[in-house]
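# Predicted model follows, preceded by the sequence.
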Amino acid sequence: MDNITGAAGTLGNSAPNSNEGDSAIATLKGIGASQAMIEFEMDGTITTANENFLGAMGYQLSEIVGKHHSIFATEEYKATRIQVASATGGSMPKNT
C-alpha cells in the first residue's frame, strides 16, 4: 500500500539511525501485506485502506474514501455509543 510506504518513509527520515528507519519501513510493509488495514483522519474520515481490508469487507476503495468510519458499525453499536455519550454528558470514554 502506497500510504504505508509514505508513512514509513517519513518515519525512516526522522529516525536517528538509517537502519532503524529501514526496519520501520520493512515492518510497516509486512503488516500491510498480511493484515487488513484502514486509515482515518482524526475526525474519522477514511483516507485509505489496503486490499486485505477491502477484500474482507467487500468494498472498493472508491466506495469508502471520504466517508466516516462509522459506515462499518452496526446500528446496535451506534445506538450503544449514543447512549454512552448521553450518559456521560456527551463525552465518550477513550477505551470503549
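That came through, no problem.

# and stretch 70-84, average pLDDT?
Stretch 70-84 shows a mean pLDDT of 89.

# Ok, stretch 89-96 next?
So the average pLDDT for stretch 89-96 ends up being 58.

# before we move on, what about stretch 43-56?
pLDDT averaged over stretch 43-56 gives 95.

# just the helices in this protein please.
Assigned by DSSP state H, the helices in the chain fall at 2-14, 18-34, 51-57, 61-64, 75-87.

# what about the residue most central in space within the chain, distance to L61?
Against the mean C-alpha coordinate of the chain, by C-alpha atoms, centre = their mean, the closest residue is E39 at 2.8 Å. Counting by C-beta to C-beta, to the nearest Å, the gap from E39 to L61 is 11 Å. Glycine gets a C-beta too; all of them are placed from N, C-alpha and C.

# what is in contact with those two at once?
Listed as contacting both E39 and L61 by C-beta atoms under 8 Å, 6 or more residues apart in numbering are 48-49.

# mind giving me the domain ranges of this structure?
1-35, 39-96 (automatic domain parsing).

# And the average pLDDT for the first one is what?
What that stands for is domain 1-35. Here the average pLDDT along domain 1-35 is 68.

# G32 touches A49, doesn't it?
No - with contact defined as C-beta atoms under 8 Å, G32 and A49 do not form a contacting pair (10.4 Å).

# could you redo the helices of the chain as CSV and give each row mean neighbour count and distance to D43?
Shown next, in CSV, are the helices of the chain (neighbours: other C-beta atoms under 10 Å; distance: least, C-beta to C-beta, whole Å):
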stretch, mean neighbour count, distance to D43
helix 2-14, 14, 17
helix 18-34, 14, 23
helix 51-57, 15, 19
helix 61-64, 13, 15
helix 75-87, 11, 15
